[in-house]
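Student: Provided below for reference: sequence and predicted model.
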Amino acid sequence: MSVTVRPAANAGPARLNIRKNINALSPAELANLRRAIKQAMELNDKRGFEYFAGWHGVPLGWCQHHDALFLPWHRAYLYWLELALQSQVAGVTLPWWDWSTAGTIPDVYTVAQADGVENVLAAGVAIKVFGAAPKAGWPTHTSRAPGHDIEEVPGPPYAKEWAYAMQASNYTDFSQRIWTVHDTVHVWLGGTIAQVDWAAYDPLFFAHHANIDRAWRIWQTAHPGADPPANVLGQSLQTDPALTVRATLDVRQLGYEYAGAESTVAGSA
Amino acid sequence: MQRWTSQALLLPPRASWQRADLEFEGVEHDGASFVLHVFLNNDSADETTPRIAASGYAGYLTVFAHGDCWGDVGHCDITEPVSAFDRRPPHPLVPFNATLEVSEALDALPEDTQQITVTTLAFNKAADTEGVLRFSELTLITYA
């Protein structure tokens, strides 16, 4: 598969970034992820984490759910956020949380402290809505209550639901099946991540959605050409900047890929 | 918990279909997130009913919903395109269709079953769950 990218001036050949399972990150990669998010959280402008968090719910509300734009919109969303994080720490990528096999939230996202400081990946970080004064009733910090907000929500792992989605023979069925388990993960998690308005202020959101995006990538590989309906391919997705649905179809054109493992050694030069 | 039971839906003979879906049409998702447990031909199902085939249990759907409206007046009113040239995405609160495959649950019913009722139990975080599940129609779709 060819990859068309615009290399930076004086840059070497473009190389795809690899998104990995959160449990496969090296200590250095994990530290870089935390550093990128922490630095982005400290920026009160359009490079900052809070700005991107606000795309999904309060205050901008650009997300698409329960329709053919669900997968493309969230792929575009992760793409732009990942670039913003790479502007903080070169080469950092969004990891995925594989709730189809894992029975709970990864420890990386639950420990209170990491490297002797507050863990920015954990629940409890402050919610600072970009460009808006706080309103009465808004949550001030992210929260989770896995399995407790609504006890009747089945918990992970969601192996059966994942397999059912992968059995879909067309985009519409796949999209609907994967958004169904996507919804379940959000609602099982509880707290702010169970509400569209506030979900994306929690970094765990992006590990969840990287897994959704990975699911689409895996399904696409098994079903080449099974694209979203033709009438939405030219649709502009509401992000900053905008991307069309068509522009999101090939992750390699967006400069990344999913992998179970990556190992690099020096060349001969 | 909010309970709702449908009127009877006609079920074609088993030999005429390979897959069967229940489609909840026009599901509204502007309130609190919720989960829906679905039973077939068990109008008295409640939160104590075992979620097993023998109870008519057909599965669950979860809806990740938007929550309260934090915009100004009219912010969460669903708007239509203002013209044929309006290329903005659809309003985020446009109701959607939620599908639950019920093939296995139907197979667990007596062979001569010709119609089914659907009972839904909706749970959300709040104590008052009336009006949590709001939708326009329910359709049983079978595929040959």
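Tutor: Okay, I see it. As the structure is a prediction and not an experimental result, all values here were calculated from the model.

Student: and chain B, which of its residues are near chain A?
Tutor: Residues of chain B found near chain A (CB under 8 Å from any CB of the partner chain) are B:27, B:29, B:32-35, B:37, B:47, B:60-68, B:70-71, B:87-90, B:92, B:94, B:96, B:98-99, B:101, B:121, B:123-125. Glycine gets a C-beta too; all of them are placed from N, C-alpha and C.

Student: Does the residue positioned nearest the centre of chain B belong to a helix, a strand or coil?
Tutor: Most central in chain B under CA atoms, centre = their mean is B:Phe24, positioned 4.0 Å from the mean C-alpha point. When classified by DSSP: H, G, I helix; E, B strand; the rest coil, B:Phe24 comes out as strand.

Student: Which strand residues bridge it?
Tutor: B:Ala98, B:Leu138 (DSSP bridges).

Student: check contacts around it.
Tutor: Contact analysis of B:Phe24 by CB atoms under 8 Å, 6 or more residues apart in numbering or on different chains lists B:Leu61, B:Asn97, B:Ala98, B:Thr99, B:Leu100, B:Phe135, B:Glu137, B:Leu138.

Student: go again using 10 Å as the cut-off
Tutor: B:36, B:38, B:61, B:63, B:95-100, B:118, B:120, B:133, B:135-139 (CB atoms under 10 Å, 6 or more residues apart in numbering or on different chains).

Student: Ok, B:Ala108 next?
Tutor: B:Ala108 neighbours (CB under 10 Å, 6+ apart): B:Leu40, B:Asn41, B:Ile52, B:Ala53, B:Ala54, B:Ser55, B:Gly56, B:Tyr57, B:Ala58, B:Val102.

Student: Go through those and flag which are in helices.
Tutor: Assignment to helices by DSSP state H places none of these there.

Student: Would you mind giving me the PyMOL syntax to select the buried ones in the residues of chain B next to chain A?
Tutor: Command for PyMOL that selects the buried part of the residues of chain B next to chain A, burial taken from 16 or more other CB atoms under 10 Å in any protein chain shown:
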select buried, chain B and resi 27+29+32+33+34+35+37+60+61+62+63+64+65+66+67+70+89+90+92+94+96+98+99+101+121+123+124+125
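
Student: and the gap between B:Gln115 and B:Leu11?
Tutor: According to CB to CB, to the nearest Å, B:Gln115 and B:Leu11 sit 6 Å apart.

Student: anything in contact with each of the two?
Tutor: Joint contacts of B:Gln115 and B:Leu11 (CB under 10 Å, 6+ apart) are B:Asn41, B:Leu140.

Student: can you give me the strands in chain A?
Tutor: Listed in chain order, the strands of chain A (DSSP state E) span residues A:17-19, A:113-114, A:117-118, A:236-237, A:243-244, A:256-258.

Student: Could you measure from the nearest residue to A:Leu30 once chain neighbours are set aside over to A:Ala242?
Tutor: Of all residues not flanking A:Leu30 in the chain, A:Val108 sits nearest, at 6.5 Å (CB to CB, 6 or more residues apart in numbering or on different chains). Separation of A:Val108 from A:Ala242 (CB to CB): 32 Å.

Student: Cool, thanks, talk later.
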